[in-house]
Every structure is written in structure tokens, then in C-alpha cells.
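>>> Turn this into a structure:
(2 chains)
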Amino acid sequence: MFRYLPAILIGKLARVLIRVFRKGGGSALPGLMLSRLAPGLLYKTLNSFPLGLVIVTGSAGKSTTTKMLVALVRSHGISVFTNPSTANILQGFYSTIVEKSSMLGRLRADVAILEMDEAHASSLTNRVVPKQVTILNVMEDQLDRFVDPSLVRSELSKVAQVCSGAVILNADDQNTVMIGQDLAPNRVHWFGISHQVAALSRHGLGNAPTYLPALPRPKVSTEAVALNGEELLLERRQVSYVTKLPNRGAHFALDAAAAFESAAIFLGEKFDPQKSAQVLAELPPVFARGERVSVRGHDVEFNLVQNPGSMQLNIDALVGEPDQILFAIGRDVHDPSWLWTVDYSNLRHVKVVTGFNAAEAALVLEYHSVTYDRVIEDLDEALDYFFALPTPARGIKTVLFSADAMRRTRRALGFWTPETAQS
Amino acid sequence: MRLFSYFPDRLNLNGDQGNLLILLRNLQWAGVGVETYALHGEEDLREAAKYVADQGQLAFLLVGHGSIAAMKSIENQRDALARCIQAFEASGTPVLVIGSSYESLKGHEVLEQRVSRFVEAEFTLPALSGLESGASNICSAFGYVNSQTNLAPVLVSGSVVYTLLHGPVLAKSTALLEHYLKYFTKTGLDNEHSMRVRELAEMAIRTAKLS
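Here you go, the predicted model:
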């Protein structure tokens, strides 16, 4: 690993220097530099963990599921290297290595559990064989990149095929059921949610339709059986476990079932389901997924909206009529067409519309009869306006933002270290 | 007056049913009542064709963009759809065909590189039936193209506009929207709401050109 020393040194130095001039920054560029100077380092690193590489991928729920899975595995005494949710593409992995590795590029951990973007998972697994893969779902997402959900399914299928061990799949998404059909049955383990829990999502969980005759639902090992607010009843092999979700919503129930099953398979006989239910119950919300924080003396809930599925789920999950909502659509939304696929009927009023794509967002709201008070293109100005408003009647302000708007919001509000990798 | 949409549940991959919503809202803001109809299958297509064949009936047909799986699920109705579009064109009734539906109905080559960006297209629109001034006009449209074909971003055939532009296209193509609204109302965008969305559309175009 000595041959990587110069590249790592340059990356770490760049990170330090950038942070001197830009608080909270210094993650993307050092990673990019390392990927150019030492492209082989990533694969060497990911192949070096004694218990191998575990991947969590799919269209939605990757961050929450990965964080849950990492917590479960760590609670069983195994050290885990993982990546922040903001770094689930190849360059992001290099950034994480810059941040967390020794000067020789070594990472002290028993296993790497990484959330991976759908396209990058396929690319990476050409060079690194994962020991276990969890595929959550396939949605109509990022069509400017992925073009069509069937092509995403195809890429994820390759990841499943190349995996050397178990593949954990969603029994309630026809796309992942199709992926499972091409695998040896003894390799596949299924998670799912009951009809009762699924019915809590007005528009379903947003899985891409296949328009084919429905495939029979596989036998599920772990199921989210019942959900009452944030209290969840999980069932694994006919035994029930009560736990608590980081926030409301059937999609979190699915993530919990996925993480529970993935941990059970990874840990094998060592898996303690009772302890695991307890660990899940104590987890804070993942960064910007129903995360509640105090900002400038106000309670705020942050909700990341990245695609039609997450936008719909977050809008449907709004309880009552939140009287102060900030709606921010940033530069990460290259093709804003998908904003028009969402049913906004549970969103009555927005206080301020902002972000790089503020005009586009306001246009969508206007046509969907959602009233708004102001359009303020400048995000900093919008945040100042929003947080200067008196405490809302419901006691909590609500922010719905896309990824770019989220990053800028966190920087503007002084959250300098959004979630870092932990090893 | 009727706004028809062909398989709206399957042909909304890129939010193109938003085009119908945009037309509907602008008509509502102008105080014009209009009904929307979903067309599922040959029987519905025949009824829609019969409707526009009746003189004096104003209508609009939207054929949206679907996923590979969605298009495959309805490909056996392609000929029936083509006949319906022909009937609409023969009566001078507007039709808007988008993305994969455009690709399915028109021959094309697949290019090596996919085009995935905002595009502004200029084209000539003939007068729609019922309009007093029968002059054709040069129009522009703005939207997002995500295609690997050699098709033009906009192709006009009588009252039928085929386009690769998503957005939905009418959201940021004020001239094209106004063209359709004049067909229904003779007056176009002249109320407070419509002026507001026109402003937002111009802002959104400026932003899109920066991205």
C-alpha cells in the first residue's frame, strides 16, 4: 500500500486546506483528486475487509437502510466502515477513504457496508465482488441518467448475479421479484411489508410498474406487519418484535424490514433479534430524512425529496396542515419534469419556494393549486425569511428540499459536518 | 369541449400528463368549462375520433411518454392510435404527441449518443380550425430532451405536434400554450393567473439556460 502514500497525502492535505477556507467543505475535491491519482486504491481497499463488502442499493431508502444495518451490525460487536449518504457514488467512496484511512490507505474495520447508487454499484462490482447485497426497489427515478426503470433493474440484476453470497430482496416490488427469479433460490432472502402497512401510503411505495402479469409474492423472512405512528411490529420467522421507526411513514417500515433481514443474514447465528429491535428503536433519524433539529430557536423537520417516490411519500406523510413549509428545489434537479408526476393534494400551502429551481417549483405548485406566500430564489435570503417567522401554530417548521438545496441549507444554517463516515 | 388523454396512467413517465393539467387550469382560470377523458383502448379511440368528426366540437388529444414496459403493454393498439390521430388531424383538432409515443409513431434511427439537455425549438404552426385569423405562425417551445433518436425536437403535421420536449412542454412554451388556448377561448392568456404562470415560466427558462 506504500505506493498509494503520495496520493493519499495529497488528498488529505487538500482536504485540510479546503476546510481552512471553506468550513464544512473539502469532501468532493479530495476524493476526485484521489480517484485520478490512485484509481486502484478504492478496489484494493474494498477487497481488504476480513468480512468482505456488503452493499445496499436500489432507487430509494438506501441511506436509511444502510444506517440501520450498520447500527445493527455494530451492536453485535463488529466494526464497520461505511459511507455518508452524501457519498454513494464512486467519487464519494474515494472521499471517504481520504477522510478515514491511514496514510497507507488502510481502514480499520471488519466489514464495509456501503450504500451505493444504482449505476455505480453495477460499475464497482465489476471489480469488487460483494459478499452480500440488499436491493430495496426500482422506481421511475433520475430518468435523465437512467432513462428507464427496466434498465435500472437490469443493472441491479448484474450486481445480484455477481454477489458471492446472499441477496436480500424486496418481495413487494415486482422488479426485485424479477431479479430474484434469475438467482438460485437458496441465495435469496426476502423482506416485505404487510397489506396493512402498505395501505398507509396513499399512493403506494412508488415502485416502477412492470405492466406484466403479477409474479407471486415470495415467502418473506422478515415483514413489517403493523405500523402505528412510529411504532412498528416486525415479524421474523413467525416471531414478533416491537420497535420504533426514526419517523412516520410506511417507507421507513420497509427500510427497517430490509435492514433487519440483511443483518440477520449477515450475522447468522450471532444475530440477536431482540437486541436488534431495541437498537432500531433508539436510532435517530438519518440526516434529512424526517430529521428534527433546533435552528435559531425553532424546531424544524428536514425532509429530503430526491425523486417522485420520496416527494410523494413525504407529502403524503405530512400530518394535519403544517402551517410553515419551506419548499426548496436545487440545482441537483437537472430535468424538473418529474416534479409533475407527484400528487400534491396533501400539500395545501407553502410559506416560501426557493432554490436554484424556485421558478420551476412555483410553477408546479401554481398548477396544482398549492398556494404559496413568496418565491425567493436566493436560498440564504429565503432561509432568513423563513426562520424569522414566528413559531408556527403546530410548533414545528417543515422543510422539503432536494439534495443540492439540502447541502446549501445545512451550510447556511451552520451544520458544518453533515454526517461523516464512521469506522 | 373535451381534453382527451391516451392511457394517462401509463404515459406519464416524465410528467407529460402535466400538459393536460396546464391546459385545463388555464381554461378554468379563463372561466371556460371543459371535460377530461381518459382513452383506454380501441373503442375509446373510435369514440374520440367520432366526437371530433362532429362539426363544431372542440377537443384536444394528449399522447404522453411511457416507459419501455408501458409502451410494450399498449403496442398492439398503435395502429388504432394512429387512425385516431389521423381523424383528429383531418378535422383540424390539436394533438400533442410526446417522447416515446412520437418515437413509436414515426420512423427514426437510434443515434450513438443520447441527448439529455434543455432544448429550444422553433417551428411553424398552421392555424387551428375555428380560429378567425387563419394565418400560420412561427412558434417556439422549450423543454428537456432525453432521447437517442434522430427525430426533430418538434415535428408539426397539420394540427398534430410531435415533440421530444418534456417539462412538461407546455409549462415553459408559452407560445404553444397560447396557440392551444386561442383555439378554445379565442383570447389566450389574459387573466391574472395565466399572467403569473407566464412570468414563472420565463424565470424557469432563464434558470434552465444557466444549468
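>>> Now name the helix or strand holding the residue in chain B that chain A sits nearest to.
Relative to chain A, the nearest point of chain B is residue B:15 (3.0 Å; CB to the nearest CB). Every residue, glycine included, has its C-beta placed from N, CA and C. Taking DSSP states H and E as the definition, one finds residue B:15 inside no helix or strand.
>>> cool, residue A:176 as well?
Assigned by DSSP H and E, residue A:176 belongs to helix A:174-181.
>>> and that helix, is it in reach of chain B?
No: using CB under 8 Å from any CB of the partner chain, we find that helix A:174-181 stays clear of chain B, coming within 9.8 Å at best.
>>> Tell me the first helix or strand C-terminal of that helix.
For helix A:174-181, the following helix or strand on the C-terminal side (DSSP H and E) is strand A:188-193.
>>> Off-centre distance for the following helix or strand past that following strand?
Using DSSP H and E, the helix or strand that directly follows strand A:188-193 along the chain is helix A:195-198. Mean-position distance between helix A:195-198 and its chain equals 22 Å (CA atoms, centre = their mean, to the nearest Å).
>>> now do stretch B:201-211
21 Å.
>>> Check what contacts that stretch and list those residues.
A:331, A:334, A:336, A:356-360, A:363, A:377, B:118, B:142, B:144, B:171-172, B:174 (CB atoms under 8 Å, 6 or more residues apart in numbering or on different chains).
>>> quick one on the thing from earlier: give me the number of neighbouring residues for the residue of chain B closest to chain A.
For residue B:15, the neighbour count with other CB atoms under 10 Å in any protein chain shown is 25.
>>> Angles on the backbone of it, please.
The phi and psi values for residue B:15, taken as degrees, to the nearest 10, are phi 70, psi 20.
>>> Ok, the one 4 residues further on next?
Reported as degrees, to the nearest 10, the phi and psi values for residue B:19 are phi -60, psi -40.
>>> For residue A:415, give its distance to residue A:325.
20 Å (CB to CB, to the nearest Å).
>>> Compare those two (neighbour count), which wins?
Taking neighbours as other CB under 10 Å, residue A:415 and residue A:325 compare with residue A:325 leading, 25 against 18.
>>> Please verify my assumption that that one contacts residue A:353.
No: checked against CB atoms under 8 Å, the pair residue A:325 and residue A:353 is beyond contact range at 9.5 Å.
>>> Tell me the residues of chain B that contact chain A?
Residues of chain B found near chain A (CB under 8 Å from any CB) are B:10, B:12-18, B:21-22, B:25, B:67-70, B:72-73, B:114, B:116, B:144, B:146, B:166-168, B:171-172, B:193, B:196-197, B:200-201, B:203-204, B:206-208, B:211.
>>> Derive a PyMOL selection command for the buried subset of those residues.
A single PyMOL command selects the buried members of these (16 or more other CB atoms under 10 Å in any protein chain shown):
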select buried, chain B and resi 10+12+13+14+15+16+17+18+21+22+25+67+69+70+73+116+144+146+166+167+168+171+172+197+200+201+203+204+207+208
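>>> Now, the residues of chain B next to chain A that are in helices?
Taking DSSP state H as the definition of helices, the residues of chain B next to chain A contribute B:18, B:21-22, B:25, B:68-70, B:72-73, B:193, B:196-197, B:200-201, B:203-204, B:206-208.
>>> Next up, the contacts around residue A:367.
Residue A:367 makes contact with B:18, B:21, B:22, B:25, B:171, B:197, according to CB under 8 Å, 6+ apart.
>>> How much space separates residue A:99 from residue A:117?
Noted for residue A:99: a distance of 19 Å to residue A:117, by CB to CB.
>>> Can you list the low-confidence ranges for the stretch 51-200 of chain A?
Low-confidence segments of the stretch 51-200 of chain A, defined by pLDDT under 70: A:85-88.
>>> near chain B, which residues of it show up?
Within reach of chain B by CB under 8 Å from any CB, the stretch 51-200 of chain A has these residues: A:140, A:143, A:144, A:147, A:148, A:149, A:150, A:151.
>>> And the furthest pair within the residues you listed?
Spatial extent of those (CB to CB) is set by the pair A:144 and A:150 at 16.2 Å.
>>> Mind listing the strands the biggest strand by length in chain B pairs with, and their directions?
The single longest strand within chain B, with elements called by DSSP state E, is strand B:110-125. In the sheet, strand B:110-125 lines up against strand B:137-149 (antiparallel) (DSSP bridges).
>>> ok, and for the helix or strand following the strand it pairs with, which residues are buried?
Scanning forward in sequence from strand B:137-149 by DSSP H and E, the next helix or strand is strand B:154-157. Buried positions in strand B:154-157, judged by neighbour count with 16+ other CB under 10 Å: B:154, B:155, B:156.
>>> packing partners for strand B:154-157?
strand B:110-125, strand B:160-163 (3 or more CB pairs under 8 Å, 6 or more residues apart in numbering or on different chains; DSSP states H and E).
>>> In contact with the closest residue in space to residue B:22 that isn't next to it in sequence, which residues are there?
Computed as CB to CB, 6 or more residues apart in numbering or on different chains, the closest residue to residue B:22 that is not its neighbour in sequence is residue B:170, at 4.5 Å. Applying CB under 8 Å, 6+ apart, we find residue B:170 in contact with B:18, B:19, B:22, B:23, B:96, B:176, B:177, B:180.
>>> separation between residue B:170 and residue B:143?
Distance, residue B:170 to residue B:143, by CB to CB: 9 Å.
>>> what does residue A:8 give?
From residue A:8 to residue B:143 the distance is 45 Å (CB to CB).
>>> Comparing those two, which residue is more hemmed in?
A count of neighbours by other CB under 10 Å puts residue B:143 above the other of residue A:8 and residue B:143, at 30 against 23.
>>> So what's the predicted local confidence for the closest residue to the more buried one other than its chain neighbours?
Spatial nearest neighbour of residue B:143, chain neighbours left out: residue B:165 (2.9 Å); criterion: CB to CB, 6+ apart. pLDDT, residue B:165: 98.
>>> can you pull up the bridge partners for residue B:165?
Assigned bridge partners for residue B:165, using DSSP bridges, are residue B:145.
>>> so who does it touch?
Residue B:165 is in contact with B:98, B:119, B:121, B:141, B:142, B:143, B:144, B:145, B:153, B:154, B:173, counting by CB under 8 Å, 6+ apart.
>>> Contacts only, for residue B:46.
By CB under 8 Å, 6+ apart, the contact set of residue B:46 is B:80, B:84.
>>> is it fair to say it lies in a strand?
No: counting by DSSP: H, G, I helix; E, B strand; the rest coil, residue B:46 is not part of a strand but helix.
>>> And it, how far from residue B:80?
Distance from residue B:46 to residue B:80, by CB to CB: 8 Å.
>>> mind putting the residues of the stretch 51-200 of chain A next to chain B in a markdown table, distance to residue A:103 included?
Formatted as a markdown table, these follow (distance: CB to CB, whole Å):
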| residue | distance to residue A:103 |
| --- | --- |
| A:140 | 44 |
| A:143 | 42 |
| A:144 | 39 |
| A:147 | 42 |
| A:148 | 44 |
| A:149 | 43 |
| A:150 | 45 |
| A:151 | 41 |
